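**Student:** Need coordinates for the following:
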Amino acid sequence: MPDLVAVSGRQSAALAEVTSAAGQMDMVVRQSADMIEDSGAVTAGPRLGASDLGRPPNY
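**Tutor:** Okay, here's the model as predicted:
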């Protein structure tokens with residue numbers, strides 16, 4: 001019986017470690033998604049086409 005208790009304790013500790021790692025990975029994925037969204041907003045600014053070349057900027 002003591003072996004069962006020891007194994008159960010190790011499993012519980014391992015599960016807590018996996019749960020923590022999954023939470024950290026989720027946070028990194030969310031941060032990456034936010035950075036990608038922000039960079040998309042920056043690059044979605046005014047776009048020039050071939051017909052716009054040589055034309056003065058429209059401020």
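
**Student:** When you work out contacts or count neighbours from here on, use the C-alpha atoms and nothing else.
**Tutor:** Fine.

**Student:** Now do the same contact list for the most centrally placed residue in the chain.
**Tutor:** Centroid-nearest residue in the chain: residue 29, 2.0 Å away (criterion: Cα atoms, centre = their mean). For residue 29, the contact set (Cα atoms under 8 Å, 6 or more residues apart in numbering) is empty.

**Student:** which residues of the protein fall in helices?
**Tutor:** 2-43 (DSSP state H).

**Student:** Output the below-cut-off pLDDT ranges for it.
**Tutor:** Counting by pLDDT under 70, the ranges of the chain that qualify are 42, 44-54, 58-59.

**Student:** what residues are up against the residue of it positioned farthest from its centre?
**Tutor:** Distance from the C-alpha centroid of the chain peaks at residue 1, with 44.0 Å (Cα atoms, centre = their mean). Residue 1 makes no contacts at all, as judged by Cα under 8 Å, 6+ apart.

**Student:** Can you tell me how far it is from residue 17?
**Tutor:** Distance of residue 1 to residue 17, computed by Cα to Cα, to the nearest Å: 25 Å.

**Student:** what does residue 9 give?
**Tutor:** Distance from residue 9 to residue 17, by Cα to Cα: 12 Å.

**Student:** Same check on residue 5?
**Tutor:** When residue 5 is compared with residue 17 (using Cα to Cα), they lie 18 Å apart.

**Student:** what's the burial count for residue 36?
**Tutor:** 12 (other Cα atoms under 10 Å).

**Student:** distance of it from residue 7?
**Tutor:** 43 Å.

**Student:** what do you get for residue 19?
**Tutor:** Residue 19 is 18 Å from residue 7, by Cα to Cα.

**Student:** which ones are touching residue 23?
**Tutor:** Applying Cα under 8 Å, 6+ apart, no residues contact residue 23.
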